[in-house]
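Engineer: the following block contains a protein sequence and its predicted model.
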Amino acid sequence: MTARALGFGAFLASVVVVAHGATGYLYVLLYAVAVSAGLPIGFALFGRRHPGAWIAGSLIGYSLTAFALWVPIAAHLPAGLAFIAAWLLLSALTWGLVPRRGGPVLALPAWTPSASLALATVVVITLAVATLPLAQVGRRDAQGNRYYRAYFTADFVWHTALTAEIAKYSMPPHNPYVAYTASPRGPATAQNRLHYYWTYYLFPAVVSESGPDALRDVQLCLKLNALITGVLLMSAVFLSAWAVVGRAAPVAIATAAALVASSAEGVYEAWTLWSRGVPLSELRNWNIDAVTAWPPLGGHRIDGLQRCLWYVPQHSMAYALGLIAIAAAAAAGSTAPLGAIVFTGIVLGCSVAFNPLVGGIFALAYGLAILVDAGRRGGFATAVARHAIAMVPVALALAWCIANQMVEGASGFLQFGFLGASRQHPVATLLLSLGPILLLGLAGLLPAGHTDRPSIAAAGQAFTAAPAAVPIWPLVPSVALAAIALLLMYFVRLSVDPAWMAFRAGQMMIVALAALAARFISAGNTGARRWVTAAVVALCVIAGAPTTLIDEYNAQDTTNLAMGPGFPWTIVVTPQQQAAYQWLRDHTESSAVVQMDARSRERSTWSNIPSFAERRMAAGLPISLLNVAEYGERSDLARRMYATPDAGEAATIAGNLRVDYVYVDEVERHAYPDGISFDRSPRFEKVFAADPVAVYRLR
């Protein structure tokens with residue numbers, strides 16, 4: 001009970017901090033109701049009394065609820081009652097069809113009070129890492145300015161635009177950076193469909209658009225959703241390690257290390273600055289978790305899990321779901337009963353729906369582990385045939401993604417081979433980016449002596465009881481995942497975004513290595529080996545924690561207004577800009593096309609109109625989407641509209657782009673100091689003015 005109170009109390013406090021008030025509890029309540037649809041599957045998998053069932057059930061419930069919400073949108077019947085009816089039907093199916101009698105179909109190590117305390121500790125650490133940066137997103141000062149720290153400007157701000165676009169209930173969603181049509185809910189044309197995996201954003205989109213008035217704030221919903229997703233991710237990391245080791249303290253230490261001590265880049269850069277006589281305060285101006293991408297290394301940059309909590313919750317959800325499958329494979333291997341195989345397939349299918357590549361890699365790792373285990377046990381053909389059932393939901397999810405055109409065109413940008421950043425100091429960059437957790441993980445492959453599994457009845461005993469021998473076979477799913485991710489990192493890349501594959505592969509390696517690290521820590525709790533283990537863990541934490549601490553400070557530091565490498569560390573949205581965005585939301589159709597000068601804004605305020613005004617652009621430069629030539633070509637045309645002294649030409653360009661409104665603020669005025677011609681043409685009507693901001697309607 002103390003452990004539950006610790007974790008739950010910390011979570012409730014974090015919700016208040018992130019939401020800046022108790023309103024967040026309403027969103028948490030809706031979230032809890034939504035995910036309850038998946039609990040019967042979690043209970044069937046791991047047993048109602050096992051916390052793993054609640055973790056898995058919540059992840060599955062969120063996924064299935066997203067599908068349920070999609071149905072009314074796709075049927076062009078988006079309304080509150082339709083969403084409720086879809087969810088009620090889903091819940092009736094899961095609670096009515098999933099067997100509730102009998103024991104769980106998979107047997108994880110028995111849960112103990114010490115395990116509850118260990119998981120609660122991981123939750124508290126997760127919240128400590130996630131809360132303050134999320135709370136500072138959009139911070140408002142006494143003058144009414146709002147502040148957004150990089151790299152929230154590349155991810156969270158884009159997610160705001162994405163969620164706002166989904167909330168227009170057009171299916172498939174339109175691409176808000178290249179609008180061709182003015183139909184608010186009609187089908188997107190071939191040119192402006194949004195090729196992105198948007199499943200994660202269905203729930204916050206529906207809540208912010210059709211939910212209670214108190215939650216009609218896209219950014220509030222996204223921040224709270226990210227906070228909950230982060231807790232579920234780290235709980236799933238804990239569960240995957242628990243399935244292998246089954247001892248509270250080693251699993252908690254390994255999971256915490258995966259979150260806060262995966263990278264040695266902070267120590268490396270601090271030493272580099274100190275050796276050059278540069279004040280350590282300069283670390284404020286470093287993308288500390290990407291040091292390996294800069295000279296003299298120039299290799300891959302791998303984000304730690306702390307950045308999953310802040311920036312990419314959609315990937316976090318895919319990782320968390322995949323880890324449930326990894327835990328299932330570790331628990332039963334190729335001998336899993338048919339029910340477990342079906343439910344594991346559902347989990348993998350949900351992971352694919354949130355990120356097709358990530359879900360596919362987890363499915364591949366699961367399949368490889370089953371093949372290895374079947375070869376060891378015998379009955380290879382039978383095992384393969386039975387576990388092929390798990391691939392049916394995966395195939396269906398992939399078909400769903402293709403039907404919604406989420407991945408269209410992505411395969412054309414794949415490149416294979418030892419290319420680009422992979423060839424730049426590959427060993428040094430890997431050791432700096434993942435060295436601490438990699439060392440702990442590799443140590444987990446060492447032979448472990450045998451002792452009897454202890455009976456742990458109290459929390460304190462977990463730290464003193466003798467370890468159980470952990471066989472190597474349950475590690476195969478995690479080893480397979482780590483190995484595939486490593487190959488992916490160095491031999492596959494996207495030509496239009498060379499860093500993307502390393503991001504995803506590196507994070508999959510980290511979550512896989514947690515189970516291996518837990519085995520190493522569990523095996524080293526007796527005799528002289530205890531001191532060696534303690535020293536290795538301490539060394540890894542000392543080497544890895546500074547990166548997370550520096551990154552945590554920088555992520556919440558919205559007072560740093562200096563320029564970064566080509567973009568400001570913090571962007572400021574002024575009261576005048578906010579007033580213009582509010583005017584556009586209140587006085588224009590949701591399908592209106594509002595243009596700003598994307599070229600002048602580049603990587604700083606590149607998404608202000610879609611994100612803050614929640615309106616589409618005719619021409620934008622979305623740095624979070626695949627970089628196709630059309631974005632640049634149309635943005636060049638829009639730039640000509642601002643640059644030309646001929647007001648008639650500007651109006652013609654605006655008409656050709658099908659622009660409804662044109663936006664101007666200090667960015668455009670600074671870029672074109674000779675003046676902008678819109679005031680000199682009767683075709684441009686000024687409909688909003690709050691110097692230096694103006695909005696013009698094209699007549």
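Structural biologist: Noted; the coordinates are in hand. Nothing here was measured: the structure is a model prediction, and the numbers come from that model.
Engineer: name all residues that make contact with Phe8.
Structural biologist: Applying C-beta atoms under 8 Å, 6 or more residues apart in numbering to Phe8 gives no contacts. In short, each C-beta sits where N, CA and C put it, glycine included.
Engineer: so where does it fall, helix or strand?
Structural biologist: Here Phe8 sits within helix 2-19, counting by DSSP states H and E.
Engineer: buried stuff in the helix or strand just after that helix?
Structural biologist: Using DSSP H and E, the next helix or strand after helix 2-19 towards the C-terminus is helix 24-35. Neighbour counts over helix 24-35 (16 or more other C-beta atoms under 10 Å) mark Gly24, Leu26, Tyr27, Val28, Leu30, Tyr31, Ala34, Val35 as buried.
Engineer: who's in contact with the first one?
Structural biologist: Gly24 makes contact with Val15, Val16, Val18, Leu220, Leu224 under the criterion C-beta under 8 Å, 6+ apart.
Engineer: the last one and Phe491, how far apart?
Structural biologist: For Leu224, the distance to Phe491 (C-beta to C-beta, to the nearest Å) stands at 38 Å.
Engineer: more neighbours: which of the two?
Structural biologist: Shown here are Leu224 and Phe491; by other C-beta atoms under 10 Å, Leu224 has more neighbours (26 against 15).
Engineer: OK, contacts around Leu283?
Structural biologist: Gly266, Glu269, Ala270, Leu273, Ile550, Asn554.
Engineer: if you rank the contacts of Gly24 by neighbours, which is first?
Structural biologist: That'd be Leu224 among the contacts of Gly24, by other C-beta under 10 Å, with 26 neighbours.
Engineer: which residues of the stretch 501-650 of the chain fall in helices?
Structural biologist: Counting by DSSP state H, counting those that start in this stretch, the stretch 501-650 of the chain has helices at residues 527-556, 575-587, 598-601, 608, 629-643, 647-656.
Engineer: please identify the most buried of the ones you listed.
Structural biologist: helix 608 (a mean of 25; mean count of other C-beta atoms under 10 Å).
Engineer: for the helix holding Phe8, which positions count as buried?
Structural biologist: Under 16+ other C-beta under 10 Å, the buried positions of helix 2-19 are Ala3, Leu6, Gly7, Ala10, Phe11, Ser14, Val15, Val17, Val18, Ala19.
Engineer: could you identify the most distant pair in the contacts of Leu283?
Structural biologist: The largest separation in the contacts of Leu283, counting by C-beta to C-beta, is between Leu273 and Asn554 at 14.4 Å.
Engineer: quick check: Ile477 vs Ala515, distance?
Structural biologist: Quick fix: residue 477 is Pro, not Ile. 8 Å.
Engineer: same thing with Trp87?
Structural biologist: On the measure of C-beta to C-beta, Trp87 and Ala515 end up 34 Å apart.
Engineer: which of these two has more residues huddled nearby?
Structural biologist: Ala515 (35 against 21).
Engineer: list the contacts of the more buried one.
Structural biologist: Ala515 makes contacts with Ser240, Ala241, Ala243, Val244, Val245, Ala254, Ile326, Ala330, Gly444, Leu475, Ser478, as judged by C-beta under 8 Å, 6+ apart.
Engineer: what about 6 Å?
Structural biologist: Contacts of Ala515 were listed using C-beta atoms under 6 Å, 6 or more residues apart in numbering, and they are Ser240, Ala241, Val244, Ser478.
Engineer: phi, psi of Leu224?
Structural biologist: phi -70, psi -40 (degrees, to the nearest 10).
Engineer: surely it is in contact with Tyr27?
Structural biologist: Yes: counting by C-beta atoms under 6 Å, Leu224 sits close enough to Tyr27 to count as a contact (4.7 Å).
Engineer: who are the contact partners of the residue nearest to Ser522 when sequence neighbours are not counted?
Structural biologist: Excluding the flanking residues, the one nearest Ser522 by C-beta to C-beta, 6 or more residues apart in numbering is Pro250, at 3.9 Å. Residues in contact with Pro250 (C-beta under 6 Å, 6+ apart) are Ala518, Ile521, Ser522.
Engineer: show me where pLDDT drops low in the protein?
Structural biologist: Along the chain, the parts satisfying pLDDT under 70 run over 1, 181-191, 408-412, 448-470, 525-527.
Engineer: quick one: list the elements packing against the strand or helix carrying Ala331.
Structural biologist: According to DSSP H and E, Ala331 maps onto helix 313-332. Secondary-structure packing of helix 313-332 (3 or more C-beta pairs under 6 Å, 6 or more residues apart in numbering; DSSP states H and E): helix 51-74, helix 218-244, helix 338-354, helix 356-377, helix 476-491.
Engineer: again, only this time at 7 Å
Structural biologist: helix 51-74, helix 218-244, helix 338-354, helix 356-377, helix 476-491, helix 500-523 (3 or more C-beta pairs under 7 Å, 6 or more residues apart in numbering; DSSP states H and E).
Engineer: buried sites along the third one?
Structural biologist: Same thing as helix 338-354. Taking 16+ other C-beta under 10 Å as the criterion, helix 338-354 shows 339-354 as buried.
Engineer: want to throw the buried residues of helix 24-35 into a markdown table with distance to Asn145?
Structural biologist: Below are those laid out as a markdown table (distance: C-beta to C-beta, whole Å):
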| residue | distance to Asn145 |
| --- | --- |
| Gly24 | 23 |
| Leu26 | 27 |
| Tyr27 | 25 |
| Val28 | 29 |
| Leu30 | 31 |
| Tyr31 | 30 |
| Ala34 | 34 |
| Val35 | 36 |
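Engineer: distance check, Arg529 against Asp155.
Structural biologist: 42 Å.
Engineer: need the contact list for the nearest residue to Gln143 once chain neighbours are set aside.
Structural biologist: Closest residue to Gln143 apart from its sequence neighbours, by C-beta to C-beta, 6+ apart: Pro575 at 6.9 Å. For Pro575, the contacting residues are Gln143, Gly144, Asn145, by C-beta atoms under 7 Å, 6 or more residues apart in numbering.
Engineer: 10 Å instead?
Structural biologist: Pro575 is in contact with Arg140, Gln143, Gly144, Asn145, Arg146, Ala690, Val693, counting by C-beta atoms under 10 Å, 6 or more residues apart in numbering.
Engineer: just the buried subset of those residues, please.
Structural biologist: Buried among the contacts of Pro575 by 16+ other C-beta under 10 Å: Asn145, Arg146, Ala690, Val693.
Engineer: going by neighbour count, which of the contacts of Ala515 comes out on top?
Structural biologist: That'd be Ala241 among the contacts of Ala515, by other C-beta under 10 Å, with 34 neighbours.
Engineer: and that residue, what does it touch?
Structural biologist: 247, 250-255, 258, 323, 326-327, 330, 444, 478, 511, 513-519, 521-522.
Engineer: same question, Leu45
Structural biologist: Contacts of Leu45 (C-beta under 10 Å, 6+ apart): 52-53, 56-57, 60, 98, 104-106, 108, 324, 327-328, 331, 339-340, 343-344, 346-347.
Engineer: which of the buried residues of helix 2-19 sits closest to Thr570?
Structural biologist: Nearest to Thr570 among the buried residues of helix 2-19: Val18, at 18.7 Å, using C-beta to C-beta.
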